[in-house]
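Undergrad: give the three-dimensional model of this entry:
(6 chains)
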4 protein chains.
Amino acid sequence: MAQEKTRGAEKRERILQSAIKVFARKGFYNTRVSEIARTAGVADGTIYLYFKNKDDILISIFTDRIGTLNDELERQLATLQGASEKVQRIVSIQLGLLRGHKDLAEVITINLRQSNRFLKQYAAPGFNRYLDIIGKVIQEGQESGDFRPDVSPRAAACALFGALDGLTLTWVLGSSDSDRLSRAGQQVAKIFIEGLRIGAASETPS
Amino acid sequence: MAQEKTRGAEKRERILQSAIKVFARKGFYNTRVSEIARTAGVADGTIYLYFKNKDDILISIFTDRIGTLNDELERQLATLQGASEKVQRIVSIQLGLLRGHKDLAEVITINLRQSNRFLKQYAAPGFNRYLDIIGKVIQEGQESGDFRPDVSPRAAACALFGALDGLTLTWVLGSSDSDRLSRAGQQVAKIFIEGLRIGAASETPS
Amino acid sequence: MAQEKTRGAEKRERILQSAIKVFARKGFYNTRVSEIARTAGVADGTIYLYFKNKDDILISIFTDRIGTLNDELERQLATLQGASEKVQRIVSIQLGLLRGHKDLAEVITINLRQSNRFLKQYAAPGFNRYLDIIGKVIQEGQESGDFRPDVSPRAAACALFGALDGLTLTWVLGSSDSDRLSRAGQQVAKIFIEGLRIGAASETPS
Amino acid sequence: MAQEKTRGAEKRERILQSAIKVFARKGFYNTRVSEIARTAGVADGTIYLYFKNKDDILISIFTDRIGTLNDELERQLATLQGASEKVQRIVSIQLGLLRGHKDLAEVITINLRQSNRFLKQYAAPGFNRYLDIIGKVIQEGQESGDFRPDVSPRAAACALFGALDGLTLTWVLGSSDSDRLSRAGQQVAKIFIEGLRIGAASETPS
DNA sequence: TATGAATGAGTATTCATTCAT
DNA sequence: CATGAATGAATACTCATTCAT
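TA: The predicted structure follows:
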């Protein structure tokens, strides 16, 4: 019984991995379900024993991974003290999760945005939790006096997400190595930390 | 003759506007050419007198608008002096261009990413010119001593683009008004300017 | 314009004729839409310019023909006087309509009964009008004193329809010629006329 | 062993009963084998231990029941003398067999006619025996001088079958109670008996 | 006998594109 | 330039059947 469950989960995972690979290469709409099946080494019909339909595969990829990311963020951030350290950790966790998985990065940054309907309906919950986690870090920094209070935590969270997404996108589109991605991430982390820090900025009226 | 050309251009523009509207509502792959035609008030076949195929419509939307954006950036940035002013202007131009055109913003931030093939092949040139323009502003700031030299101009450009894209995305997905988008943009501009400015940051080893 | 309309109607009729032929040979569920198209000499997609879907083709065959039958029945019955003559005419019209069209007869008697849902939803109206027409003839015969009053006109109508349907079914399943069908029809007409006529029967209590 | 055989037969019967129920509700082609299995409380694969394939289930329903009907007809008719009594008994046996089993009636009158191939190949033998039994009654009536000789016994048999089938069809499609079906059957029996009886009819030239 | 996970052949329908008018 | 009827390639999904357990 336990073995059967394991085998079933294995097969599901194999299908997901294959889908990530093919989606990354061809894009969601240009991917044939039969090609995912072939790549996973199962029959076409088997796909439908584990997923409701083709859309469900893409949705599962996203919710699985964003869930992992959010869990990891919460777990590690709880162990840190300063807001600056936390921001730096957010960057390293997110980029670290994608570094070794260019295919996944491609699916997340590119293929996921297939339709606003899809984004609004399925991606929103996980995305919101993600923005909440980051926003809370900014807010804590403001309350502890580390960060300037004249910035919307939510806006900063969106911007940080977008900045990392932008780095990932150009990494995926280009051919630079993943070390460069990490270094760029560190620089962006510094920009945000310094840009948010209490100091000269507060003297500059917007 | 001139009038006919004008009429032709008018019709082309009407088709583009209709496509933006429908793409924004349904997404690229769920949009029927016949629906664009109906919205534009022309026959299905007429579309193909102005565009090679359905892909060409999306490509035209992007290249038209990114070209306009790039031209506008170059024109206005040439009139300014300080790097900080230029960064601020980049933000206001880009968000200003999308503020009144939520449909267009939706197409640009969401529907454009239909396939990596598409992005790599068609979007890359305009996107690269855009990143070059921003990157040059950062570089100038570093050369003039305004900005820290320990940041890759390219990475900063990607991050700034991504941050603005992230703001736009959440604006499009949510229901907040466009004023809030502008205010968030100003805050992000300040974060980047302060984050890049020479100061305490350079003392902080990464 | 008139010519175009004519051409369109022609094509629709050609598709219907082809469908009758293929349905008769293979049955509804074993008929491929592509085979109807090939037989009609049109492209697969063209079918869907004239019919909503495969079901709609079968429905159209039935409603077209039962409508013709009902119209013809009402037209001719109005010219006759006695109930017996009318019953005889009903038989000759119905069988006459199918005699030369074995394929159509096959579709009507066999393939039409694909699902109770189909029968109840689409066939019922035309079928009811048909039963009403026959039932009214029986009733008139009773009111004029030609037919016994102790028979439900509706039941007699159902039975007459069924009897003719039974003859048609065995004709279609077997290989007998159509003259034999007509002769059998005449005999059945006589059975019903005599069986309904006022006479010894009324003395026989059921 | 005997018990096992019994249990096997029980299971087979349970599958048949479930199939009748589901076929009646959904029609043959819209019925999933898995639904029959679920209704019968067995696994999908178990069906194939008792039936060759899905077609075989429908065929078995028909041959089982028509066999029962034919056996019952022969048994009871042997106990009767007059042709009229026999005709009346035919009607009451056939309708009596279906009265309490609307689902079965639905399958027999509607779902059975799925394809001419099916009807010709499998239904024909049992159907022919049925027509022979009835035809022989008519013929005996003619030989004994009860019935007119100018009617083909086979045609009369087809017509009687069809008439009863027509009554059953309208009963199944409509919502009238089964008593009404029986009364209609009695009236139809009288029509046929009187219509076939030697008398005034022979004076009417066809 | 019984199971039910896995198979993979099979098809109605859509829709971008063409071209005769 | 403009039309829109006709085309036909292309594919997600179903479900009868099998077979290892």
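Undergrad: centroid-nearest residue for chain A?
TA: Against the mean C-alpha coordinate of chain A, by Cα atoms, centre = their mean, the closest residue is residue A:66 at 5.5 Å.
Undergrad: just the closest residue of chain A to DNA strand E, please.
TA: residue A:45 (1.7 Å; Cβ to the nearest atom of the strand). Using the backbone N, CA and C atoms, a C-beta is placed for each residue, glycine as well.
Undergrad: which pLDDT value goes with that residue?
TA: At residue A:45, the model reports a pLDDT of 97.
Undergrad: so what's the gap between the helix or strand hosting it and the chain middle?
TA: Assigned by DSSP states H and E, residue A:45 belongs to helix A:44-50. Mean C-alpha position of helix A:44-50 versus that of the full chain (Cα atoms, centre = their mean, to the nearest Å) differs by 27 Å.
Undergrad: buried residues, the helix or strand following it. List them.
TA: Downstream of helix A:44-50, the first helix or strand assigned by DSSP H and E is helix A:54-77. Buried residues in helix A:54-77, counted by 16 or more other Cβ atoms under 10 Å in any protein chain shown: A:54, A:57-62, A:65-66, A:69-70, A:73, A:77.
Undergrad: any chance of those residues in CSV, plus pLDDT and distance to chain D?
TA: Formatted as CSV, the buried residues of helix A:54-77 follow (pLDDT from 0 to 100; distance: Cβ to the nearest Cβ, whole Å):
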residue, pLDDT, distance to chain D
A:54, 95, 22
A:57, 96, 24
A:58, 94, 28
A:59, 93, 26
A:60, 94, 25
A:61, 94, 29
A:62, 93, 32
A:65, 90, 34
A:66, 92, 35
A:69, 95, 39
A:70, 96, 39
A:73, 97, 44
A:77, 98, 49
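Undergrad: out of the residues you listed, which one sits closest to DNA strand F?
TA: residue A:54 (3.9 Å).
Undergrad: verify the contact between that closest one and residue A:32 for me.
TA: No - counting by Cβ atoms under 8 Å, residue A:54 does not reach residue A:32; the two are 9.3 Å apart.
Undergrad: quickly note the distance from the residue of chain A closest to DNA strand E to residue A:58.
TA: 19 Å (Cβ to Cβ, to the nearest Å).
Undergrad: where along chain A do the helices fall?
TA: Taking DSSP state H as the test, the helices found in chain A are A:2-26, A:33-40, A:44-50, A:54-77, A:83-99, A:102-106, A:116-118, A:124-143, A:153-173, A:178-196.
Undergrad: any idea which of these gets closest to residue B:168?
TA: Across the helices of chain A, residue B:168 has its closest neighbour in helix A:153-173 (8.3 Å, Cβ to Cβ).
Undergrad: let me see the mean pLDDT of that closest one.
TA: 96.
Undergrad: my guess is the residue nearest to the centre of chain A meets residue A:133, correct?
TA: No - using Cβ under 8 Å, residue A:66 is not in contact with residue A:133; the gap is 11.1 Å.
Undergrad: before we move on, back to that, show me the contacts for the residue nearest to the centre of chain A.
TA: Residue A:66 makes contact with A:123, A:126, A:127, A:129, A:130 under the criterion Cβ atoms under 8 Å, 6 or more residues apart in numbering or on different chains.
Undergrad: pretty sure the last one is touching residue A:69, no?
TA: The one in question is residue A:130. Yes - counting by Cβ under 8 Å, residue A:130 does reach residue A:69; the two are 6.9 Å apart.
Undergrad: okay, the helices of chain A, which one's buried deepest?
TA: Neighbour counts (mean count of other Cβ atoms under 10 Å in any protein chain shown) averaged over each of these peak at helix A:153-173, with a mean of 25.
Undergrad: mind listing residues that contact the helix holding residue A:45?
TA: By Cβ under 8 Å, 6+ apart, the residues outside helix A:44-50 that reach it are A:8, A:11, A:12, A:15, A:33, A:34, A:36, A:37, A:40, A:57.
Undergrad: near DNA strand F at all, that helix?
TA: Yes - applying Cβ under 7 Å from any atom of the strand, one finds that helix A:44-50 is in contact with DNA strand F at A:44, A:45, A:48.
Undergrad: measure the second one to residue D:126 for me?
TA: The span separating residue A:45 from residue D:126 equals 37 Å under the rule Cβ to Cβ.
Undergrad: again, but for the first one
TA: With the distance defined as Cβ to Cβ, residue A:44 ends up 41 Å from residue D:126.
Undergrad: leaving out chain neighbours, which residue sits closest to residue A:122?
TA: residue A:59 (4.9 Å; Cβ to Cβ, 6 or more residues apart in numbering or on different chains).
Undergrad: how close does the one you found get to residue C:181?
TA: Distance of residue A:59 to residue C:181, computed by Cβ to Cβ: 61 Å.
Undergrad: sorry, back to before: distance to DNA strand E added to the contacts of helix A:44-50, as JSON lines?
TA: JSON lines is the format used below for the contacts of helix A:44-50 (distance: Cβ to the nearest atom of the strand, whole Å):
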{"residue": "A:8", "distance to DNA strand E": "6"}
{"residue": "A:11", "distance to DNA strand E": "5"}
{"residue": "A:12", "distance to DNA strand E": "9"}
{"residue": "A:15", "distance to DNA strand E": "10"}
{"residue": "A:33", "distance to DNA strand E": "9"}
{"residue": "A:34", "distance to DNA strand E": "7"}
{"residue": "A:36", "distance to DNA strand E": "12"}
{"residue": "A:37", "distance to DNA strand E": "8"}
{"residue": "A:40", "distance to DNA strand E": "9"}
{"residue": "A:57", "distance to DNA strand E": "15"}
